[in-house]
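Visitor: Provided below for reference: sequence and predicted model.
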Amino acid sequence: MVACDFFTVETAWLRTLYVLFFVKHGSRRVNLAGVTANPDGVWMRQQARNLAIEERLENMRFVLHDRDAKFSGPFDELIRSKGVRVIKTPVRAPQANAIAERWVRTVRNECLDHVLVFGRRHLEQILRSYVAHFNVERPHRSPLRPDRPARVARRPRTSSAATWSAD
């Protein structure tokens, strides 16, 4: 299952930018779809096409999103045409898309609250580097991480008598 959602970012010049992202439920892996100042129906259709072309929807059974007007009919139709079922969250139920909401809180707390964003390209650069960190290096609470190999535990160093010198 994949959850998708938007969040907004205010720039230094008080412009609002919208970020579209997708989170895989099983691995908590985040994919950024795009950043725009005006998320209209044409832009959303193009993002759905990009998902289909890049084959990010392969092996996906469900896409979960809220009932925002930005997720219009053409967006859902393009997703459905790839054999993926679209599930809309209930009205006024933020807990239904909790994984996406949690990622928004995480990216704000760990990254965006500490940076002054100057524009769309700057925000894209910041988010690309943070998502790379989030997907590879940051620990997650997901019990099963099939897309990442298990880390090999290092043996603790033992101090030997030969390394200590008597002073």
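Guide: Received it, and whenever you're ready, just let me know what you need. Numbers count the residues shown, from 1 in each chain.
Visitor: mind listing the strands for this structure?
Guide: For the chain, strands defined by DSSP state E occupy the ranges 2-10, 16-24, 30-36, 62-65, 85-88.
Visitor: Reformat the ones you listed as JSON lines; add distance to Arg128, mean pLDDT and mean neighbour count.
Guide: (C-beta placed from N, C-alpha, C; glycine too.) Compiled in JSON lines, these are given as follows (distance: least, Cβ to Cβ, whole Å; pLDDT from 0 to 100; neighbours: other Cβ atoms under 10 Å):
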{"stretch": "strand 2-10", "distance to Arg128": "14", "mean pLDDT": "90", "mean neighbour count": "19"}
{"stretch": "strand 16-24", "distance to Arg128": "11", "mean pLDDT": "94", "mean neighbour count": "19"}
{"stretch": "strand 30-36", "distance to Arg128": "7", "mean pLDDT": "93", "mean neighbour count": "18"}
{"stretch": "strand 62-65", "distance to Arg128": "22", "mean pLDDT": "90", "mean neighbour count": "20"}
{"stretch": "strand 85-88", "distance to Arg128": "27", "mean pLDDT": "92", "mean neighbour count": "14"}
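Visitor: got CSV for those, with distance to Ile99 too?
Guide: Rendered in CSV, the data for the strands of the chain read as follows (distance: least, Cβ to Cβ, whole Å):
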stretch, distance to Ile99
strand 2-10, 5
strand 16-24, 5
strand 30-36, 10
strand 62-65, 9
strand 85-88, 13
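Visitor: wait, which of those is closest to Arg49?
Guide: Judged by Cβ to Cβ, the one of the strands of the chain that comes nearest to Arg49 is strand 30-36, at 10.9 Å.
Visitor: And that closest one, what does it pack against?
Guide: Based on contacts counted as 3 or more Cβ pairs under 8 Å, 6 or more residues apart in numbering; DSSP states H and E, the elements that strand 30-36 packs against are strand 16-24, helix 41-53, helix 120-136.
Visitor: Give the bridge partners for the most centrally placed residue in the chain, please.
Guide: Against the mean C-alpha coordinate of the chain, by Cα atoms, centre = their mean, the closest residue is Val30 at 3.0 Å. Residues found in beta-bridge contact with Val30 (criterion: DSSP bridges) are Val23.
Visitor: Next, the distance between the ends of stretch 104-122.
Guide: Distances were taken as Cα to Cα, to the nearest Å; on that basis the terminal residues of stretch 104-122 are 18 Å apart.
Visitor: distance between it and the chain's centre?
Guide: A distance of 13 Å separates the C-alpha centroid of stretch 104-122 from that of its chain, computed with Cα atoms, centre = their mean, to the nearest Å.
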